[in-house]
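A.B. asks: output the structure for:
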Amino acid sequence: MSNPFSSATAPGGASSFSIDVSEADFRETVLQRSMEVPVLVDCWAPWCAPCRNLKPILEKLAVEYEGRFVLAKLNTDEAPQISAALQIRSIPLVVLFVGGRPVDQFSGALPEGQVRAFLDKHLGPQVSEAEVLRQEAAQADPQTAEALLMDALSVEPDNLDVVGDLAERLIARDALDAASELLGSVPQASQNERLVALGKRMALARQRPEGNPLELSARIESNPKDFEARFGLAALHVHAGDFDAAFDQLLAVVLRDKGDWREKARVQLVEWFDICPDPEAVSRGRRYLGMYLN
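C.D. replies: Okay, here's the model as predicted:
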C-alpha cells in the first residue's frame, strides 16, 4: 500500500471552500493543497448520524472563514486506505492538515463554539474587514489612511478603534469640526477612555494658545525660572502635538519651584498625561514627576 502522506511536490486542487475528496485525489486535494492553505478533512460516512450533525457546522465555518482553510469531506466507506493511514477508529473524525502533514484533530460532533476554538488555535482569530482596513491605514500616507478609515467605519460604524484612529488623524490636521462631529456621532464615546481623551485634546486644540515660541524660549534661556514663559511654551507644544516637549517645560517648573507654580504644573501635567497619545512620553513624564515630587 502506498503512503498517502508522502510529501507533495506542488500545490493544487479545488478552489472552493468546501469540497469532496476521495482516495484518488487525496494527495492533490489535501496534501498538496495544504502546502498553500490549511485543509480540514472531515471523515464521515452516510450511516453516521453525528456526522450529519457536524457537517453543516463545518460547511458554515468554511464559508465564514472565507478561504482561510479548505474543508475536504472524505467518505470513509469509500476510502479504506486513507482511513487506515489516519487510524480512524470512530467517526466523525476531523483532521487538520498544514504543510502536507496532519497537525491536529478532534473526534465527535463538537458544538460550533468548540470547532471555532479548534480552528482559531491554528489559524488565529478571524480578522474583520474593518480591522484589515485599519491595519492598512496604519501603514498608509495620511490622505489614504483617512480614506481607508472612512471605509472601515462604513463597514463597522460601532468599531471604536476605527473611530479613535480617524479622530486622531482629523485632530492632527486641525479638522476639529469633523473630529467633533465624528465623536458626537458615537453614543459610547463618553464610556470609552480613549475617545474621552480625544475629546479633551480636541477642546484643547480649539483654545489656540497665544505667544511666539522663539520669544518664549529666549525668555526661558534668560531666566530659567520664568514659569509663565514655560507654561506658555508648553501650551504651544501641546497645540502642535509635541507632548514630550510640553512635559519637559512643566517638569522644569516642578523641579525649580516649591510653591504655587509647582502645584499648578503638577495638575496640568496630570491632565495632559490623560490625553497624550504617546504612551512612552507619558511613562517618562510620570516617572520624572514622581522623582521631582519626592
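
A.B. asks: now residue 269, nearest residue through space, not along the chain?
C.D. replies: Excluding the flanking residues, the one nearest residue 269 by C-beta to C-beta, 6 or more residues apart in numbering is residue 250, at 5.1 Å. Just so you know, the C-beta spots here come from the backbone N, C-alpha and C atoms, and that holds for glycine as well.

A.B. asks: got any ranges where this protein has weak pLDDT?
C.D. replies: Along the chain, the parts satisfying pLDDT under 70 run over 1-15, 126.

A.B. asks: okay, the most centrally placed residue in it and residue 248: tell me how far apart.
C.D. replies: By C-alpha atoms, centre = their mean, the chain has its centre lying nearest to residue 131, at 6.2 Å. To residue 248, residue 131 is 36 Å away according to C-beta to C-beta, to the nearest Å.

A.B. asks: and the helices in the stretch 1-150 of the chain?
C.D. replies: According to DSSP state H, counting those that start in this stretch, the stretch 1-150 of the chain carries its helices in the segments 26, 49-64, 80-85, 112-123, 129-138, 142-155.

A.B. asks: likewise for the stretch 151-294 of the chain?
C.D. replies: Assigned by DSSP H, counting those that start in this stretch, the helices in the stretch 151-294 of the chain fall at 160-172, 176-184, 193-205, 213-222, 227-239, 243-256, 260-275, 279-293.

A.B. asks: now residue 247. Nearest residue, chain neighbours left out?
C.D. replies: Closest to residue 247 by C-beta to C-beta, 6+ apart is residue 285, at 4.1 Å.

A.B. asks: spit out the contact partners of the one you found.
C.D. replies: Neighbouring residues of residue 285 by C-beta atoms under 8 Å, 6 or more residues apart in numbering: 243, 244, 247, 251, 269, 272, 273, 276.

A.B. asks: over to the last one: give its phi and psi.
C.D. replies: Summarising the backbone geometry of residue 276 under the convention degrees, to the nearest 10, its torsions are phi -70, psi 130.

A.B. asks: and it, how many residues sit next to it?
C.D. replies: Other residues near residue 276 come to 21 when the count uses other C-beta atoms under 10 Å.

A.B. asks: with the first one instead?
C.D. replies: When neighbours are counted by other C-beta under 10 Å, residue 243 registers 21.

A.B. asks: I figured it was touching residue 274, is that so?
C.D. replies: No: using C-beta atoms under 8 Å, residue 243 makes no contact with residue 274, being 11.1 Å away.

A.B. asks: okay, and the beta partners of residue 104?
C.D. replies: Taking DSSP bridges as the rule, residue 104 bridges to residue 96.

A.B. asks: so how far is residue 93 from it?
C.D. replies: Going from residue 104 to residue 93 by C-beta to C-beta gives 12 Å.

A.B. asks: would you map out the domains in the chain?
C.D. replies: 18-123, 129-205, 213-293 (automatic domain parsing).

A.B. asks: end to end on the second one, go ahead and measure it.
C.D. replies: By that I understand domain 129-205. Its start and end residues considered, domain 129-205 measures 32 Å (C-alpha to C-alpha, to the nearest Å).

A.B. asks: same check on stretch 16-32?
C.D. replies: 15 Å.

A.B. asks: for it, buried residues please.
C.D. replies: Within stretch 16-32, the residues scored as buried using 16 or more other C-beta atoms under 10 Å are 17-19, 21, 23, 25-32.
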